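**Q** 3D, please:
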Amino acid sequence: MPNIKISLAGDLGSGKSTVGRLLAEKLGAEMYSTGTIQREIATKMGMTTLELNKYSETHPEIDNMIDDGLRALNEREISVVIDSRMAWHFVPSSFSVYMSADPKIAAARIMNAGRESEPFASEEEAVRSISERRKSEQARYMQLYGVDIKDLRNYDFVIDTSAIPPETVAARIIEAYGKSGKGAGK
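**A** Residues are numbered from 1 along each chain as shown. As a prediction, the model looks like this:
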């Protein structure tokens, strides 16, 4: 299936990166992750991802840099899985997926991932930080673009990943994509 574009948005710790890698592998697609880019920027700047999000509220150049990369993906004739909260907006040709997860499960996943830019001393701290980061992102994207990233009507498919293994999530997304009518030649 050439020229597949699937965008993954959703809750922190919902498995977007893991599922994205699985989808890219299964579909023979490239993987593009704004989360990875943000974590790299945060590390280079000596910040946590939450601190970078707060910084971005008054420094739009961070978002502009990431947005330009997303816009370019919409124009390219490639198969790509995009892990990005705003891909549904900047890559409207993509099959957009929203992945949700219970906050405690999401916190445990993030803590187990051992991300340098997201160090947490406890599950409670992780839940609190995730909530703060989500509110920061939601407010920032509303201010910058006039969109609510939590409005599920923005997405073609919504899935709760709390109790589903990543392989099953990927399979359900591929199935929903196939039924959607989006994609190459459709």
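**Q** Phe157 against Phe95, yeah?
**A** Yes - counting by C-beta atoms under 8 Å, Phe95 is a contact partner of Phe157 at 7.1 Å. Where you see a C-beta, it was placed from the backbone N, CA and C, and this is true even at glycine.
**Q** Between the two, tell me which one has more neighbours.
**A** Neighbour comparison, Phe157 and Phe95: the larger count goes to Phe95, with 24 against 18 (by other C-beta atoms under 10 Å).
**Q** List the contacts of the more buried one.
**A** Residues in contact with Phe95 (C-beta atoms under 8 Å, 6 or more residues apart in numbering) are Ile4, Lys5, Ile6, Ser7, Asp156, Phe157, Ala176, Tyr177, Ser180, Lys182, Gly183.
**Q** Please, which helix or strand holds the residue lying closest to Pro166 once chain neighbours are set aside?
**A** Distances taken as C-beta to C-beta, 6 or more residues apart in numbering place Thr18 nearest to Pro166, at 4.7 Å, with adjacent residues excluded. Per DSSP states H and E: Thr18 is located in helix 16-27.
**Q** mind listing what's buried in the helix or strand harbouring Ile41?
**A** Secondary structure from DSSP H and E places Ile41 in helix 34-44. Neighbour-count burial for helix 34-44 flags Thr34, Gly35, Ile37, Gln38, Arg39, Ile41, Ala42 (criterion: 16 or more other C-beta atoms under 10 Å).
**Q** Also stretch 85-95?
**A** Burial within stretch 85-95, assessed by neighbour count using 16+ other C-beta under 10 Å, is assigned to Arg85, Met86, Ala87, Trp88, His89, Phe90, Val91, Ser94, Phe95.
**Q** Looking at those residues, which are in strands?
**A** Judged by DSSP state E, the subset of the buried residues of stretch 85-95 located in strands is Phe95.
**Q** Please, where are all the helices along the protein?
**A** Remark: helices assigned in the chain by DSSP state H are 16-27, 34-44, 49-56, 61-75, 87-90, 103-113, 123-145, 166-180.
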